[in-house]
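Asks: Provide a 3D model corresponding to the input given below.
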Amino acid sequence: MRKASMLDSPEWLAVTVKAARFDPYVALLDVCIGIPRLLERTDDLAKAGNPPDQITSLIADSEALVAHAFTWLSNFEKNGPRYDMVPLSTFPTFFDICADRVFDPVFDFHYFGAGICYLIYWMSMLILQSNTFKLLRQHRHLELKQLMMWDRQLGGYADSICRSVPYNCRAVTGYAAKFGSLTPLVVARKYFEMKGAAKEKEAKWCEEVYVAARVPGLYSTPVPLEPLKGVKETVDGGTKKYI
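Replies: So this is what the prediction gives:
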């Protein structure tokens, strides 16, 4: 989770870049594959005594990857968002999973692949930007306005993940979509948990949906809600007021 992958090397990315020009999914993965290396470098900072030059380099590289992600989204939505906002009641079978309307309205993606790309994007940005925010808060001075902007941005990613789940829990999408939405849901839940009482309702919703939406027979033992320790460490740190 927090270890660099050989797949983010310039040599490998050179192989995928041609396909990425035609396939937004491949292009998105080329962005996301760079996140583990940044997390690993963040962990190594403390071990090295937080050298100022390494901190500056890491923050700059994190911001560069975020810019790359923003460019991907801009290209992906060049003809507009690939979803519509609809009432939760549009997906009536979701009420069998969770009757609580914490997130209403929700996303109705134009097609299955778009929903998967958005989920991966929002989850990855929540992880990446949580880490960048943690670095800035620890090693730079942030004004109150900046803290609020970061809080709004990170909360938006978590919120978007949750509003994507009902679409992916439809019977017509099968178990693949349902299973694919659970990991992003865990990431969102970690964010809401770190916000404390202010987001208790949202965290509870994530937990209920996670348990109820599991794919039958896929797990031989009860599935813990703490499968991603690295994610928790990423969004953790210090005060809970601003994640």
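Asks: where do the strands of the chain begin and end?
Replies: 83-86, 106-109 (DSSP state E).
Asks: tell me how far the last one lies from the chain's centre.
Replies: Right, the one you point to is strand 106-109. Between the centre of strand 106-109 and the centre of its chain there are 17 Å (CA atoms, centre = their mean, to the nearest Å).
Asks: using PDB, write down the CA coordinates of it.
Replies: Extracted as PDB, the C-alpha positions of strand 106-109 are listed here (Å, rounded to 0.1, in the frame of the first residue of the first chain):
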ATOM      1  CA  VAL A 106     -26.700  10.200  -5.900                       C
ATOM      2  CA  PHE A 107     -24.700   9.700  -9.200                       C
ATOM      3  CA  ASP A 108     -26.300   7.900 -12.100                       C
ATOM      4  CA  PHE A 109     -23.300   7.300 -14.400                       C
END
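Asks: list the buried residues of it.
Replies: Across strand 106-109, burial judged by 16 or more other CB atoms under 10 Å covers 106-109. Where C-beta positions appear, they are placed from N, C-alpha and C, glycine not excepted.
Asks: average model confidence for it?
Replies: Taken as a whole, strand 106-109 carries a mean pLDDT of 98.
Asks: got a list of what the residue nearest to Ile35 when sequence neighbours are not counted touches?
Replies: What sits nearest to Ile35 in space, not counting adjacent residues and going by CB to CB, 6 or more residues apart in numbering, is Leu128, at 5.1 Å. Neighbour list for Leu128: 35, 38, 62, 65-66, 69 [criterion: CB atoms under 8 Å, 6 or more residues apart in numbering].
Asks: go through these and flag which are in helices.
Replies: Among the contacts of Leu128, the members falling in helices (DSSP state H) are 35, 38, 62, 65-66, 69.
Asks: which of those residues sit farthest apart?
Replies: Largest separation among the ones in helices among the contacts of Leu128 by CB to CB: Leu38 and Ala69, giving 12.0 Å.
Asks: quick check: Leu142 touching Leu136?
Replies: Yes: Leu142 lies in contact with Leu136 (CB atoms under 8 Å); the separation is 5.9 Å.
Asks: which residue packs closest to the residue most central in space within the chain, ignoring adjacent ones?
Replies: Central residue of the chain (CA atoms, centre = their mean): Met123, 1.1 Å from the mean position. Nearest residue to Met123, sequence neighbours excluded (CB to CB, 6+ apart): Pro184, at 3.9 Å.
Asks: phi and psi next, for Ile33.
Replies: Ile33 adopts backbone torsions of phi -70, psi -20, taken as degrees, to the nearest 10.
Asks: same check, this time on Glu143
Replies: phi -70, psi 160.
Asks: so what's it scoring on pLDDT?
Replies: 96.
Asks: list the residues that contact it.
Replies: Contacts of Glu143 (CB under 8 Å, 6+ apart): none.
Asks: more crowded one of Leu142 and Leu136?
Replies: Leu136 (18 against 14; other CB atoms under 10 Å).
Asks: do you know the pLDDT at that one?
Replies: 97.
Asks: now Phe95
Replies: 95.
Asks: how close does it get to Asp84?
Replies: 20 Å (CB to CB, to the nearest Å).
Asks: now do the helices in this protein.
Replies: So, for the chain - with DSSP H - the helices run 10-20, 24-32, 35-47, 52-76, 112-139, 144-168, 174-194, 200-212, 229-235.
Asks: my read is that Thr93 contacts Cys169, right?
Replies: Yes: using CB under 8 Å, Thr93 is in contact with Cys169, at 7.3 Å.
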